[in-house]
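Visitor: My questions are about this predicted structure, shown below with the sequence.
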Amino acid sequence: MILVNGRAENMLKWSELAYDFYHQGYDVLLFDHRGQGYSQRIIPQKGHLDEFRFYVDDMAKIIKKVTALFNYSTQHLLAHSMGALISTYYLANCDHHINKAVLSSPFYGILLKHPIRDELIITLMNILGQGERYVFGKGPYQQAHLEYNELTFCKTRMKWMNRVNRKNPAINLGGPTFRWVHLCLNAIKRLPKVIPKIEIPILILQAEKEKIVDNNNLEKLTALFPNARCEVVFNAKHEILFEQDKLRKKTIFKMLEFLNN
């Protein structure tokens, strides 16, 4: 099982999910994307990127290197948010041996209050050489609020993650830069030509209470997959697999049912 995390995430955050799959008989591969977690930072504390394709290239190299050591008859992939966007490009454009994939809250669109104006500002900031600046409203790392956050209803897991971040400050990451957002928006715009290339079975998990990614765009893009279905996870925020126990267990059961059939 290859786990591909989202923006500003890290291997420690996904350790619980890795534990769950390990006890279902899976070997689990985890890694940190460049610029976050324990991987080398391009700009300290800022979510920054030179080129989107570097994410995909890194992922392809890691999977090829690790899986070459073992003769796995079956390989599955589970990706969250930004990790799902990266994985979409990987599955479409790279040689791989993935049998099935689950995409949780795919980063297939950003919820912008004023899309045309905001995209124009993002483009101009990059043209003017301000790509390394935080996007407006974002800054250095801050601990997540247990009550008022757009990620999960689970206070217990959020409290645990805050504690992990306090004990391991090297994994902390602030907001994204204008360059990062610009590159991801361009990658999203190219998805209609990328998605139809993916032929393996795909399960997409859509959070009902989503406030970070654009579910309307997700639904349009889901229709372009040759072999995919979308499951709405009711009463879940963006981080479906970081939700309260009852909802999370039900979702994991659905994933295992899909992967093992």
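Guide: That came through, no problem.
Visitor: What are the boundaries of the strands in the stretch 1-150 of the chain?
Guide: For the stretch 1-150 of the chain, applying DSSP state E, counting those that start in this stretch gives strands covering 2-4, 29-30, 76-80, 100-104.
Visitor: quick one: which of these is nearest residue 69?
Guide: In terms of Cβ to Cβ, the element of those nearest to residue 69 is strand 29-30, at 10.7 Å. (C-beta placed from N, C-alpha, C; glycine too.)
Visitor: Parallel or antiparallel, which strands does that closest one pair with?
Guide: strand 2-4 (parallel) (DSSP bridges).
Visitor: Residue 203: which element?
Guide: strand 202-207 (DSSP states H and E).
Visitor: can you list the residues that contact whichever helix or strand comes after that strand?
Guide: For strand 202-207, the following helix or strand on the C-terminal side (DSSP H and E) is helix 215-222. Applying Cβ atoms under 8 Å, 6 or more residues apart in numbering, the contact partners of helix 215-222 are 106, 108, 109, 188, 191, 192, 195, 204, 206, 207, 228, 230.
Visitor: mind listing what's buried in helix 215-222?
Guide: Across helix 215-222, burial judged by 16 or more other Cβ atoms under 10 Å covers 215, 217, 218, 221, 222.
Visitor: before we move on, the earlier item: can I get the strand holding residue 203 as PDB, trimmed to CA atoms?
Guide: Only the C-alpha atoms of strand 202-207 are listed here, as PDB (Å, rounded to 0.1, in the frame of the first residue of the first chain):
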ATOM      1  CA  ILE A 202     -10.500   4.400  -8.800                       C
ATOM      2  CA  LEU A 203     -12.500   5.100  -5.700                       C
ATOM      3  CA  ILE A 204     -12.900   8.700  -4.900                       C
ATOM      4  CA  LEU A 205     -13.900   9.800  -1.400                       C
ATOM      5  CA  GLN A 206     -15.700  13.200  -1.300                       C
ATOM      6  CA  ALA A 207     -16.200  15.000   2.100                       C
END
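Visitor: Report all helices and strands that that strand contacts.
Guide: strand 100-104, helix 215-222, strand 228-233, helix 245-260 (3 or more Cβ pairs under 8 Å, 6 or more residues apart in numbering; DSSP states H and E).
Visitor: ranking those by burial, who's on top?
Guide: strand 100-104 (a mean of 25; mean count of other Cβ atoms under 10 Å).
Visitor: Of the strands of the stretch 1-150 of the chain, give the one that comes closest to residue 143.
Guide: strand 76-80 (20.2 Å).
Visitor: Can you list the strands that that closest one pairs with?
Guide: Checking strand 76-80 against DSSP bridges gives partners strand 2-4 (parallel), strand 100-104 (parallel).
Visitor: could you dump those strands to a markdown table with distance to residue 93 and mean pLDDT?
Guide: Formatted as a markdown table, the strands paired with strand 76-80 follow (distance: least, Cβ to Cβ, whole Å; pLDDT from 0 to 100):
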| stretch | distance to residue 93 | mean pLDDT |
| --- | --- | --- |
| strand 2-4 | 15 | 99 |
| strand 100-104 | 14 | 99 |
